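Novice: what's the 3D shape of this:
(2 chains)
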Amino acid sequence: KAGVTQTPRYLIKTRGQQVTLSCSPISGHRSVSWYQQTPGQGLQFLFEYFSETQRNKGNFPGRFSGRQFSNSRSEMNVSTLELGDSALYLCASSLNGGAADTQYFGPGTRLTVL
Amino acid sequence: AQSVAQPEDQVNVAEGNPLTVKCTYSVSGNPYLFWYVQYPNRGLQFLLKYITGDNLVKGSYGFEAEFNKSQTSFHLKKPSALVSDSALYFCAVRDEDTDKLIFGTGTRLQVFP
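Specialist: Numbering: from 1, shown residues only, chains lettered A, B, ... in the order given. A predicted model of the protein is given here:
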């Protein structure tokens, strides 16, 4: 089975712009979670989508949003980018969702905000 | 609140020697514990998971982890380290109140030839 894929792999944006990241889960997986990884804060949970519904969310401002499509693919959007949004954004998919279910991660999208 | 701690920022080991990467946790109920590995410029790769049952969990690439309830630990082990094992290792625990995965700060493993 193909693994989790994320596009693009690298992005450079300027402050104030918005960005959309895409994630395709493993075939058959219905849950997609997003994480932000930074050297200072480590791995932080953004949100989880299951069957097109946001199932859980972390403590991030409303500038961070996401959605899931009927084929389980997910997108994450960040509006009004700030310098502090520079990070590796990781997507993970799992079969049934929830933190007890094993999550399989994609390679990440490296976002740099200038 | 549930939490997980990785007390060592870096572990150095010679190739061929056994390795241990430490993890301690704090949960109020039954723990769901995970180990992941991250290679440079890559995402996290799943190594193994503890739900219940045997205290020794076997995972990918020859890794195993020992669950110790009395010490609230879940240390990652490998009998013989390889240079290619050099990477960043994360322990994670399920927060049963929020149903989120909480990750440790990571331990960098360096295996020297």
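Novice: Every contact and neighbour count from this point should use C-alpha atoms.
Specialist: OK.
Novice: Spit out the contact partners of residue 70.
Specialist: Here I'm looking at chain A. Taking CA atoms under 8 Å, 6 or more residues apart in numbering or on different chains, we find residue A:70 in contact with A:51, A:52.
Novice: One more pass at 10 Å, please.
Specialist: For residue A:70, the contacting residues are A:30, A:50, A:51, A:52, by CA atoms under 10 Å, 6 or more residues apart in numbering or on different chains.
Novice: Any chance of CSV for these, columns pLDDT, neighbour count and secondary structure?
Specialist: Shown next, in CSV, are the contacts of residue A:70 (pLDDT from 0 to 100; neighbours: other CA atoms under 10 Å in any protein chain shown; DSSP: H, G, I helix; E, B strand; the rest coil):
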residue, pLDDT, neighbour count, secondary structure
A:30, 96, 21, coil
A:50, 97, 25, strand
A:51, 94, 17, coil
A:52, 95, 18, coil
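Novice: For residue A:72, state which of these is nearest.
Specialist: Comparing these against residue A:72 with CA to CA places residue A:30 closest, at 5.7 Å.
Novice: I'd like to know how far the closest one sits from residue B:87.
Specialist: Distance, residue A:30 to residue B:87, by CA to CA, to the nearest Å: 29 Å.
Novice: On the pLDDT front, check the residue in chain A that chain B sits nearest to for me.
Specialist: Residue nearest to chain B within chain A: residue A:107 (4.0 Å; CA to the nearest CA). Looking at residue A:107, its pLDDT is 96.
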